[in-house]
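> coordinates only, sequence not included:
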């Protein structure tokens, strides 16, 4: 091999090394991870249905949501597009709907907000009861709903307005708390 070929091979090797060095991907700094509870990852569900059963295993209520997001650092769930069905065997069924809800991960209650509506279906030809409020708390295991917000209650053409309510769905009873005003058309 002559000197000229050795120099040419060395120049080609140097060009190849330089090309490789400049064309490699940049080294990224490692992502710093927080060890705090707020960095904990939770789950996300779409089109979810959660059910509750009685002592015999019969489903008594179901909670449906368009989206559920777990926030483990706060030990709660955020739900959107919420519908709750309470369907006892022999009693009147109730339906609760809301734009949003927040609940502890224990599921002990749901804090409903955004166009909350609570309605029943007597099923015997009587007009349904429809209650609307801005916010409401629903306790699934007790089958109760309550609100301290202004509410409107409609039964057929009769309309009552009040501030606050306590509803016992299992007993099919609703108690209006204060400032009750109504209009009944004969």
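Sure, I can see it. Here the structure is a predicted model, which means the values were calculated and not measured.
> how about the strands in the protein?
Under the criterion DSSP state E, the chain contains strands at 44-53, 59-71, 76-86, 93-104, 110-121, 129-139, 144-155, 158-168, 173-183.
> can you state the direction angle for the second one and strand 76-86?
Put plainly, it is strand 59-71. Counting by axes from the mean of the first three to the mean of the last three C-alpha atoms, to 10 degrees, strand 59-71 lies at 160 degrees to strand 76-86.
> name the helices or strands packed onto strand 59-71?
Strand 59-71 sits against strand 44-53, strand 76-86, with contacts defined as 3 or more C-beta pairs under 8 Å, 6 or more residues apart in numbering; DSSP states H and E. All C-beta atoms are positioned from the backbone trio N, CA, C, and that covers glycine.
> can I get these in CSV with distance to residue 138, mean pLDDT and mean neighbour count?
Formatted as CSV, the helices and strands packed on strand 59-71 follow (distance: least, C-beta to C-beta, whole Å; pLDDT from 0 to 100; neighbours: other C-beta atoms under 10 Å):
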stretch, distance to residue 138, mean pLDDT, mean neighbour count
strand 44-53, 11, 88, 13
strand 76-86, 6, 93, 20
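> Let me have the ones you listed in CSV, extended by distance to residue 135.
Compiled in CSV, the helices and strands packed on strand 59-71 are given as follows (distance: least, C-beta to C-beta, whole Å):
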stretch, distance to residue 135
strand 44-53, 21
strand 76-86, 13
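> So for residue 177, which of these sits nearest?
Nearest of the helices and strands packed on strand 59-71 to residue 177, taken as C-beta to C-beta: strand 76-86 at 21.3 Å.
> Alright, that wraps it up for me.
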